[in-house]
Each structure stands twice: as structure tokens, then as C-alpha cells.
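*Asks:* Structure for this input, please:
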Amino acid sequence: MRRVLFTLVLAATLLSGPLARAVQPDEMLSDPAMEARARAISKDLRCLVCQNQSIDDSDAPLARDLRLLLRERLVKGDTDAQAVAFLTDRYGDYVLLRPPVRPATYLLWFGPFALLVVGGGILLWRGRRGSAGAEALAPPLTAEEKAHLAMLMRDEDEGKGRP
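*Replies:* Numbers count the residues shown, from 1 in each chain. Have a look, this model is predicted:
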């Protein structure tokens, strides 16, 4: 019985995901082509509240306002680029899920790769230094220490070693 109930709950959860939409019916445009344009654009715009979600997927009130604003701009006759430019003028490049590559965003685009290269270099340097450094850190044994070590090893072989 528990297995059947678990299977039903899991199936309902997995199947209800595609039905949940952030875009409400009252936000949709009557022209299907215009609505498709609005949806395509809104998938590339970041919700400023959720930060890692598009305004198309977000349920935040600000995302709803941005969706409505975008649709208003498209109805007024803006091209896709003009509508996006309007939003980036107001909110900056942060509103874009994929910001453009330019000097102001070089750190964002190339920073992770630079950190990866620096981290790999440090690991290589430490690895090479570590294997050579272990021998360099231990001073060589004196003749007296070697004799004492040989005696301990001999005692161990004969069973006289200390526990």
C-alpha cells in the first residue's frame, strides 16, 4: 500500500511540473505570434527578485510587472532588440541572463577560467615542491643514529623489540 501511495505521489509531482506556469492567462497577448515573441524574450531576462530565474518562470510580483511591461512595449511596436534595450536601460545588464561580453563583464565571463588556471598552477607547484621538499626537510641520519636504528631493527627481528 505504501509503495502504491509513494508511486502516485511521485507521479503527480513529476507530471504537475509542466503545468505550473508563471505567466498568468490575464498576462497573455491575444496574438499568438506576439505572445511567442514575448515568451522568447522573457526567457532571456532575469527576475531581479529571484536572481537566477527568468521572468517567464518567476512568480514574483516584479517579474509579473516586467512581463507586462515587455508585452506593452511589443504591442506599441518595439522590435525584440528595442524591448530588451528598454529594460537594460532601466535595470542595467543585470536583467539579462546572458550579459554581453565587453570590458565591463570580462571578469564575469573569464574570471572562472582564470581561477581554474591559477588553482591548477598552485596544485602543480605544491605537488612538485611537496615531493622534493619532503627529502629536503629531513636532515640525514648521523652515524650514531644509523647504528641505533640498526640495533633496533635487529632486536625487532629477534623478537626483543619494545612493544
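*Asks:* Give me the residues contacting stretch 42-59.
*Replies:* Outside of stretch 42-59, the residues within contact range by C-beta atoms under 8 Å, 6 or more residues apart in numbering are 22-23, 39, 60-63, 66-67, 70, 84, 87, 91, 94-98. All C-beta spots, glycine's among them, are computed from the backbone N, C-alpha and C.
*Asks:* Quick one: end-to-end distance for stretch 68-82.
*Replies:* 15 Å (C-alpha to C-alpha, to the nearest Å).
*Asks:* what does it rub up against?
*Replies:* 27, 29, 34, 37-38, 40-42, 45, 55, 83, 86-87.
*Asks:* Pull out the buried residues from it.
*Replies:* Using 16 or more other C-beta atoms under 10 Å as the test for burial, stretch 68-82 gives 70-71, 73-74.
*Asks:* Could I get the full set of helices for the protein?
*Replies:* 2-16, 32-42, 61-75, 80-91, 106-137, 143-158 (DSSP state H).
*Asks:* Turn these into a markdown table, columns for mean pLDDT.
*Replies:* What follows is the helices of the chain, written out as a markdown table (pLDDT from 0 to 100):
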| stretch | mean pLDDT |
| --- | --- |
| helix 2-16 | 68 |
| helix 32-42 | 87 |
| helix 61-75 | 89 |
| helix 80-91 | 92 |
| helix 106-137 | 83 |
| helix 143-158 | 86 |
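*Asks:* okay, those helices, which one's buried deepest?
*Replies:* Ranked by mean neighbour count under mean count of other C-beta atoms under 10 Å, these are led by helix 61-75, which reaches a mean of 18.
*Asks:* how does this protein divide up, domain by domain?
*Replies:* As assigned by automatic domain parsing, the chain contains the domains 2-100, 105-158.
*Asks:* How far does the shortest one sit from its chain's centre?
*Replies:* Between the mean C-alpha location of domain 105-158 and the chain-wide mean there is a distance of 33 Å, by C-alpha atoms, centre = their mean, to the nearest Å.
*Asks:* Would you mind measuring the gap between the ends of that domain?
*Replies:* Across domain 105-158, first to last residue, C-alpha to C-alpha, it's 72 Å.
*Asks:* Quick test: name the residue nearest the centre of this protein.
*Replies:* Centroid-nearest residue in the chain: Asn52, 9.7 Å away (criterion: C-alpha atoms, centre = their mean).
*Asks:* confidence score at that one?
*Replies:* Asn52 carries a pLDDT value of 84.
*Asks:* for the one 3 residues further on, same thing?
*Replies:* In the predicted model, Ile55 carries a pLDDT score of 89.
*Asks:* Please report how far the residue lying closest to it once chain neighbours are set aside lies from Leu45.
*Replies:* Using C-beta to C-beta, 6 or more residues apart in numbering and skipping the chain neighbours, the partner closest in space to Ile55 is Ala63 (4.2 Å). Using C-beta to C-beta, to the nearest Å, Ala63 is found at 9 Å from Leu45.
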